[in-house]
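J.: model this:
(6 chains)
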There are 4 protein chains.
Amino acid sequence: MATPVYDGAARSPQRGRPRDASRDDALRQAALEVMADVGYRALTMDAVAARARAGKATIYRRWESKLDLVIDTCTQLAQRNLTEPDTGSLGGDLREFLSTFAGFLSGPIGKAAQALVGELPHEPELATAFRDTFLIAQRDVLRGILDRAAERGELKPDAPRGTVVELAGAALIYRLMLTGEALDGAFVDRMVDQVLLPLVGKGQ
Amino acid sequence: MATPVYDGAARSPQRGRPRDASRDDALRQAALEVMADVGYRALTMDAVAARARAGKATIYRRWESKLDLVIDTCTQLAQRNLTEPDTGSLGGDLREFLSTFAGFLSGPIGKAAQALVGELPHEPELATAFRDTFLIAQRDVLRGILDRAAERGELKPDAPRGTVVELAGAALIYRLMLTGEALDGAFVDRMVDQVLLPLVGKGQ
Amino acid sequence: MATPVYDGAARSPQRGRPRDASRDDALRQAALEVMADVGYRALTMDAVAARARAGKATIYRRWESKLDLVIDTCTQLAQRNLTEPDTGSLGGDLREFLSTFAGFLSGPIGKAAQALVGELPHEPELATAFRDTFLIAQRDVLRGILDRAAERGELKPDAPRGTVVELAGAALIYRLMLTGEALDGAFVDRMVDQVLLPLVGKGQ
Amino acid sequence: MATPVYDGAARSPQRGRPRDASRDDALRQAALEVMADVGYRALTMDAVAARARAGKATIYRRWESKLDLVIDTCTQLAQRNLTEPDTGSLGGDLREFLSTFAGFLSGPIGKAAQALVGELPHEPELATAFRDTFLIAQRDVLRGILDRAAERGELKPDAPRGTVVELAGAALIYRLMLTGEALDGAFVDRMVDQVLLPLVGKGQ
DNA sequence: CGTTAAACGAGACGGTACGTCGAGTCTTTCG
DNA sequence: CGAAAGACTCGACGTACCGTCTCGTTTAACG
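T.: Numbering: from 1, shown residues only, chains lettered A, B, ... in the order given. Presented below is the predicted three-dimensional model:
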């Protein structure tokens, strides 16, 4: 689940016509477009199939459900959009990361991701998949930023790195998904200068 | 919306059989039970009606949609569970509030609330209602805690109160809805001692 | 089956909104029109529902299947089109009946009926229904014609009435459904003069 | 249509692997078995292919459609089962023929043939094929019987041979396909003694 | 205290989407 | 190149819910 199912083991030595891999992308693209048009709730499999000029069976052969399709579509896009910044300073890296991530989450993928959040409590597999991609990826980038800052000697010796990582993500998500307030430069600056740097940085 | 509609103006001087107010609670109760059973997505109006031994029209007479019913059910329960703590110290109040709120959100209402979050991007009215109850109520309690601490002289003069209020909520919601990690005492202590108090408290 | 199901017994005190009887006719009419357009095989429930501006559930509430709907539609029409002739003579009655029946079967109902015939071997209930309406009704009319002829003294004492009844029906059906030859006056005359009258009539 | 297509002209110098002719029979056999199991309506190409351990393309290479396959299967079997009787007397030949034909039609091929009848009105090519095999073959055998009886001087000079041929077929088909009554010796005797012989025979 | 109008449980209604299945075509690998 | 396997598009299937609409019945407030 959460990635097209190819039953690697079960279908050797490859009998019959193989899956057309280009349909995977076409369907993911269609899913994203439909989601951007009408939102997650109103996304229907028929609409996705129609936009990709595919049969519904072709979708269900790869993903088990609408949710599964959307998860896969989103996580794939998320991974392509998370790159580790390297400005040379802790503050710069944090600012860069928060801005980039905020921008990315403000688009259609952010809305889709938010829709997924609503499903997490009742879909344990989805929850696992979501955490293993969205959250872990974002967390790893932040960890890397802090690690490089430590190598440069920018951190206090007892800096609570885990707390900083958690707070950075939490603040973004909270604004984006709950309060709906703008994720602008002012907000990023406030987070970095008032909260994150004071917690871990050396200088006052 | 978001509360049973009684068209006060439009139905004077009260002709015909009046609404049976006890049905409101029965329906909210049924909605909560169904949601606890099968989750928000799988909740159907037929199921709620059946469990409350009510006709669907009786539901639609009071709430405009499934979403509306769920919002009302949740916010009503939320408001009953948000009380302002008063332990005499800033740290105590924060600890008390975070623990109480975490416990409340960990139950079925928390799951329902999370389901609502998924709908926010495509339902502006829901978003407004959600923010005006869940978020504002929680924010007001925190503001009250900080105000009373200030009166007691526990705050730094330039304490960024808004940031603290935002962070406290964000950290809770992030754990509850996204990472799924435990909202236990250790977490509460870490938040209070490492993050919140250092940001606003006078102490060393 | 084969007539709209109203569970007479089971829904005694009339709970809930009653079935709208006018939908029965609208649906039967739509079924007949669709069948006339595209034939039985290509008739779809969606098409019938669309033409009657009805939901599919409204159809399935009354008939269990496409076949059931078509049976009911046809038998109802058949019964309205089978009237006992009374010309005063055996030959006249036979001619009248064969002509009428042939004309009726040559229209869309005949095609539909023929489609049903193809299903009889695998659908025992349909077979029973079909025989109890189409065949018995037609047989009864012919029996009546022979009985009145007997009262008028037109029959041989040992006339094989059953055989005549069977042959009259068989000859019509055979032409209509199998050979596709015309069911015209010449054919009717030949059947009556060469076969039926010689078998039972007193002959001059 | 209605016989395996071999594109005689188009494949002149015979390049590549030649069609495996034994697959024709295997597929026809599979079609017959499936049809006997589940009836014509429920027969699927996948089921036929699976039972013959063949690919669907192998079927479509030989027959244009499901209907085409079934027609060919049936007509081939029919022609193998229609032999001209020669008992030396008109009555004997008729009895022999009717009994044989009735027995043959009572088996699975009869059911399949009946299924085809339901398609005739909307499938002109099928109708032509059906008439040119089933009907003409049976008709020719009956004509032969009558011709030989005429040579033996058993017929009235003005015997309506066409009518007899038609009636013999009609009576069989009517019983078999419509009324479902038994096609036993008593029925055959009644047809021959009461209807067919009196119409054409010399004797009293 | 009878009338009256709306609320009530029940369930039919027109719709829309679901996930499955079959027809007929296309595309692989193997022999 | 033929044949087996199975993916492909298309479209119908029968079901489930939606939100609305009748029904017959109940229940207050008005007259």
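
J.: Could you verify my assumption that residue A:36 touches residue A:74?
T.: No - using CB atoms under 8 Å, residue A:36 makes no contact with residue A:74, being 11.9 Å away. To be clear about C-beta, it is placed using only N, CA and C from the backbone, and glycine gets the same treatment.

J.: Pick out whichever of those two has more residues nearby.
T.: Neighbours were counted for residue A:36 and for residue A:74 using other CB atoms under 10 Å in any protein chain shown; residue A:74 has more, 28 against 14.

J.: From residue C:89, how far out is that one?
T.: 85 Å (CB to CB, to the nearest Å).

J.: Find residues that contact each of residue A:36 and residue A:74.
T.: Taking CB atoms under 8 Å, 6 or more residues apart in numbering or on different chains as the criterion, residue A:36 and residue A:74 do not both touch any residue.

J.: ok, and does the lengthiest helix in chain A reach over to DNA strand E?
T.: The single longest helix within chain A, with elements called by DSSP state H, is helix A:21-38. No - judged by CB under 7 Å from any atom of the strand, helix A:21-38 makes no contact with DNA strand E; its nearest approach is 8.6 Å.

J.: Who are the packing partners of that helix?
T.: Packing contacts for helix A:21-38, counted by 3 or more CB pairs under 8 Å, 6 or more residues apart in numbering or on different chains; DSSP states H and E, involve helix A:45-51, helix A:56-62, helix A:66-80, helix A:108-119.

J.: tally of neighbours for the residue of chain A found nearest chain C?
T.: Residue of chain A nearest chain C, by CB to the nearest CB: residue A:46 (13.8 Å). If you count neighbours by other CB under 10 Å, residue A:46 ends up with 11.

J.: Now it. Nearest residue, chain neighbours left out?
T.: Take residue A:46 and drop its neighbours on the chain: the residue closest to it by CB to CB, 6 or more residues apart in numbering or on different chains is residue A:56, 6.8 Å away.

J.: Please apply the same query to residue A:49.
T.: residue A:56 (4.8 Å).

J.: Equivalent analysis for residue A:109, please.
T.: Per CB to CB, 6+ apart, closest to residue A:109 is residue A:77, 5.3 Å.

J.: neighbours of the one you found, just the number please.
T.: Neighbourhood size, residue A:77 [other CB under 10 Å]: 18.

J.: pretty sure residue A:116 is touching residue A:70, no?
T.: Yes - here residue A:116 lies in contact with residue A:70, judged by CB under 8 Å, at a distance of 6.7 Å.

J.: what do the two both touch?
T.: The contact lists of residue A:116 and residue A:70 share residue A:40, where a contact means CB under 8 Å, 6+ apart.

J.: Looking at those two, which one has more neighbours?
T.: More crowded of residue A:116 and residue A:70, by other CB under 10 Å: residue A:70, with 26 against 22.

J.: confidence score at the more buried one?
T.: pLDDT recorded at residue A:70 is 89.

J.: Pretty sure it sits against residue A:41.
T.: No - Residue A:70 is beyond contact range of residue A:41, at 11.0 Å (criterion: CB under 8 Å).

J.: shared neighbours of these two, anything?
T.: Common neighbours of residue A:70 and residue A:41 (CB under 8 Å, 6+ apart) are residue A:115.

J.: How many neighbouring residues does residue A:146 have?
T.: Quick note: residue A:146 (other CB under 10 Å) scores 22 neighbours.

J.: Just give the nearest non-adjacent residue to it, would you?
T.: Leaving aside its chain neighbours, residue A:146 sits nearest to residue A:161 (5.0 Å; criterion: CB to CB, 6+ apart).

J.: picking up where we left off before, how near is the residue nearest to residue A:109 to chain D?
T.: Separation of residue A:77 from chain D (CB to the nearest CB, to the nearest Å) stands at 37 Å.

J.: Please apply the same query to residue A:179.
T.: 55 Å.

J.: and residue A:15, which of the three is it?
T.: Three-state assignment for residue A:15 (DSSP: H, G, I helix; E, B strand; the rest coil): coil.

J.: Kindly state the pLDDT recorded for it?
T.: For residue A:15, pLDDT reads 82.

J.: And residue A:34, by the same measure?
T.: pLDDT recorded at residue A:34 is 92.

J.: State the distance from the residue nearest to residue A:46 to residue C:106.
T.: For residue A:56, the distance to residue C:106 - CB to CB - is 42 Å.

J.: okay, now the domains of chain A?
T.: Here the domain assignment for chain A is A:8-65, A:81-200, based on automatic domain parsing.

J.: Pick the most buried one from those.
T.: Greatest average neighbour count among these goes to domain A:81-200 (a mean of 18), per mean count of other CB atoms under 10 Å in any protein chain shown.

J.: Excluding chain neighbours, what is closest to residue A:92?
T.: Nearest one to residue A:92, counting by CB to CB, 6+ apart, is residue A:85 at 7.6 Å.

J.: Now do the same contact list for the one you found.
T.: Counted by CB under 8 Å, 6+ apart, residue A:85 has contacts A:92-93, A:96-97, A:100, A:145.

J.: Next, give phi and psi for residue A:55.
T.: Backbone torsions for residue A:55, taken as degrees, to the nearest 10, come to phi -80, psi 150.

J.: Do I have it right that it meets residue A:48?
T.: No - contact criterion CB under 8 Å: residue A:55 and residue A:48 do not qualify, at 11.1 Å.

J.: Correct me if wrong: residue A:82 contacts residue A:138.
T.: Yes - between residue A:82 and residue A:138 there is a contact at 6.5 Å, judged by CB under 8 Å.

J.: Checking residue A:53 next. Helix, strand or coil?
T.: In the three-state summary, residue A:53 is assigned as coil, counting by three-state DSSP.
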